[in-house]
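Starting from these lines, generate the structure:
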Amino acid sequence: MAKESFDKEIQFLRMLVLTSGAYSRQQFAERLGISVHTFDKTLRRLKDIVGTMYQQLPQEQSKEFAEAIRFNYYESADPMLLFLFRAKSLKGSESVRYSLLLAALNDQALTAMELMDYCCGSLPADIPLPDEKTIRSDLKYLEEVGVIRKESASRPYRYRLDNDLVRELTEEELYDLYDFVDVMANTQIPSVQGYLLRDGLKKHLLRNQAEPLALDHFLYKYHYYSRILDEAHLFTLLDAIRHRRRVRFLYFSPKADKSYAAQNTNPLFERESEGKLEKTLPLKVVYDHQYGRWYLLASGREGIRKYRMEGMTQLEEEDPVAEQVFAEKAAALEERMRYSWLLDTGRPVTVRARFFNPGHFEPNFVRERVLLQGQWGQIVAEEEESFIYEIKVNGTTEIKPWLRSFGSSCEVLEPLYFRREMIAEWKEIQAYYESV
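Numbering: from 1, shown residues only. Prediction:
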């Protein structure tokens with residue numbers, strides 16, 4: 001799948017889930033910044049991918065595209081999120097070729113020339129035959145990702161499957177590993193690679209006649225689709241940070257009317273884009289647990305900039321900067337974020353709040369939660385009925401939802417303007433529940 005197509009289909013899926021079918025084809029296409037024809041073509045493409053995923057299943061278990069994206073409380077939502085990543089991984093010809101190579105190496109170790117002969121004799125007629133350079137490139141890629149390994153130290157190298165992990169573990173150990181990966185993939189971030197590992201282990205266990213029900217110990221209610229979709233850019237940005245590379249991308253802010261624009265490949269039909277072309281130096285990636293959002297903090301001409309990762313398309317790495325330059329900008333960012341509750345770099349302010357204990361109940365879950373989630377803040381005074389919590393943060397915007405989540409168990413004391421803001425908001429909420 002082309003990089004541009006992957007960007008488009010990420011935004012397509014995001015809108016499809018968030019709008020739940022509320023948009024017409026025309027409205028959907030306008031919001032994405034594409035034509036109705038492209039909308040239809042993209043939908044057909046996604047249906048084909050889903051069909052490929054489920055073609056091995058019995059008829060009663062197969063899924064239509066609408067069913068694949070429908071939210072079900074008792075199912076992990078990962079198929080809707082992951083089938084796009086699987087489709088992006090390889091071109092069609094590569095997928096067929098890799099499957100043949102791995103099948104040939106399943107029972108014995110072979111050389112590159114033996115594998116080329118096997119591929120040439122087994123490929124379908126509509127796929128071009130590979131040359132020696134292509135096969136060696138395929139083997140190098142499979143070795144880099146840890147799928148195969150060289151068995152001999154001298155030429156000609158013989159390759160074999162690198163599946164010692166699943167072969168050496170007992171069945172009980174494999175079940176334990178599967179359960180661990182399943183829990184971590186559904187509860188930790190990032191998750192895409194964990195889901196793919198889990199699915200690989202599941203297929204291996206099912207091939208060994210494992211009972212399908214024995215693999216479904218845990219059920220998850222998935223909240224944030226965007227979190228998984230944004231992981232498409234995550235590792236590119238982490239690689240850019242690791243190697244001090246600048247990046248460029250077309251950015252659509254959350255307030256923009258459109259969330260995607262196709263690349264202009266024909267200069268005769270070049271048009272204005274709703275997005276803004278950004279060239280910047282990535283410094284830090286931050287994940288917001290409360291809203292399930294990824295953010296990029298970067299240094300540009302205008303200083304420190306923050307980007308919601310869901311608005312980034314056409315992401316590409318550029319030339320690296322000097323190590324000293326990167327270190328200076330990273331240090332400046334860390335200093336600006338010294339008192340950030342999440343990623344706010346505004347003026348520091350000291351917030352004081354009174355938390356009320358839940359009567360004589362033990363344990364004191366209010367106090368325990370404040371100590372667990374309150375970051376570097378401290379309890380500065382305690383009484384029988386309440387305690388006072390104090391923290392210095394960059395602005396009050398990001399800490400406000402956390403304080404508000406305690407409801408009547410929390411009273412903001414300082415600063416005064418923040419206290420008045422909270423009073424006004426609670427009065428507005430109270431008005432919603434007045435008797436009619």
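
And the closest residue in space to residue 146 that isn't next to it in sequence, how far from residue 200?
Excluding the flanking residues, the one nearest residue 146 by C-beta to C-beta, 6 or more residues apart in numbering is residue 162, at 5.9 Å. From N, CA and C alone the C-beta is placed, and that goes for glycine too. Separation of residue 162 from residue 200 (C-beta to C-beta, to the nearest Å) stands at 13 Å.

Now do the helix or strand encompassing residue 173: distance to the chain's middle.
According to DSSP states H and E, residue 173 maps onto helix 171-187. Centre-to-centre, helix 171-187 and its host chain are 20 Å apart (C-alpha atoms, centre = their mean, to the nearest Å).

Check stretch 190-206 too.
That offset, for stretch 190-206, works out to 16 Å (C-alpha atoms, centre = their mean).

ok, how many other residues are close to residue 255?
Neighbours of residue 255 under the rule other C-beta atoms under 10 Å: 6.

likewise residue 419?
Neighbour number of residue 419 under other C-beta under 10 Å is 16.

Please tell me I have it right and it contacts residue 403.
No - the pair residue 419 / residue 403 is not scored as a contact, 10.7 Å apart, by C-beta atoms under 8 Å.

hey, what's in contact with both of those two?
The contact sets of residue 419 and residue 403 overlap at residue 412 (C-beta atoms under 8 Å, 6 or more residues apart in numbering).

got a list of what residue 352 touches?
Contacts of residue 352 (C-beta under 8 Å, 6+ apart): 380, 388-390, 412-414.

In JSON lines: the residues you listed, plus pLDDT and distance to residue 351.
Formatted as JSON lines, the contacts of residue 352 follow (pLDDT from 0 to 100; distance: C-beta to C-beta, whole Å):
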{"residue": "380", "pLDDT": "93", "distance to residue 351": "12"}
{"residue": "388", "pLDDT": "95", "distance to residue 351": "11"}
{"residue": "389", "pLDDT": "96", "distance to residue 351": "8"}
{"residue": "390", "pLDDT": "96", "distance to residue 351": "7"}
{"residue": "412", "pLDDT": "95", "distance to residue 351": "7"}
{"residue": "413", "pLDDT": "95", "distance to residue 351": "9"}
{"residue": "414", "pLDDT": "92", "distance to residue 351": "7"}
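
Going through the residues you listed, which ones are buried?
Among the contacts of residue 352, the ones that count as buried by 16 or more other C-beta atoms under 10 Å are 388-390, 412.

Looking at the residues you listed, spot the one nearest residue 235.
residue 389 (37.4 Å; C-beta to C-beta).

Name the helix or strand for the closest one, please.
Assigning secondary structure by DSSP H and E places residue 389 in strand 386-394.

Just give the strands next to that strand in its sheet, each with its orientation.
Counting by DSSP bridges, the strands paired with strand 386-394 are strand 348-356 (antiparallel), strand 378-382 (antiparallel).

Just the residues contacting it, thanks.
336-337, 339-341, 344-357, 367, 370, 374-382, 399, 413.

quick one, helices of the stretch 301-436 of the chain?
Using DSSP state H, counting those that start in this stretch, the helices of the stretch 301-436 of the chain run over 323-336, 365-373, 400-404, 416-432.

Please export the C-alpha coordinates of the first one as PDB.
Listed next in PDB are the C-alpha coordinates belonging to helix 323-336 (Å, rounded to 0.1, in the frame of the first residue of the first chain):
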ATOM      1  CA  GLU A 323      24.200  16.600  18.100                       C
ATOM      2  CA  GLN A 324      24.900  19.800  20.000                       C
ATOM      3  CA  VAL A 325      22.000  21.700  18.400                       C
ATOM      4  CA  PHE A 326      19.600  18.900  19.200                       C
ATOM      5  CA  ALA A 327      20.900  18.600  22.800                       C
ATOM      6  CA  GLU A 328      20.400  22.400  23.300                       C
ATOM      7  CA  LYS A 329      16.800  22.300  22.000                       C
ATOM      8  CA  ALA A 330      15.900  19.200  24.000                       C
ATOM      9  CA  ALA A 331      17.300  20.800  27.200                       C
ATOM     10  CA  ALA A 332      15.300  24.000  26.500                       C
ATOM     11  CA  LEU A 333      12.100  21.900  26.000                       C
ATOM     12  CA  GLU A 334      12.700  20.000  29.200                       C
ATOM     13  CA  GLU A 335      13.100  23.200  31.100                       C
ATOM     14  CA  ARG A 336       9.900  24.600  29.600                       C
END
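
Just the mean pLDDT for that helix, thanks.
Throughout helix 323-336, pLDDT has a mean value of 92.

Summarise which helices and strands the longest strand along the chain is packed against.
Identified as the longest strand of the chain according to DSSP state E is strand 276-288. Packed against strand 276-288 by the contact rule (3 or more C-beta pairs under 8 Å, 6 or more residues apart in numbering; DSSP states H and E) you find helix 231-242, strand 245-251, strand 293-300, strand 303-308, helix 323-336.
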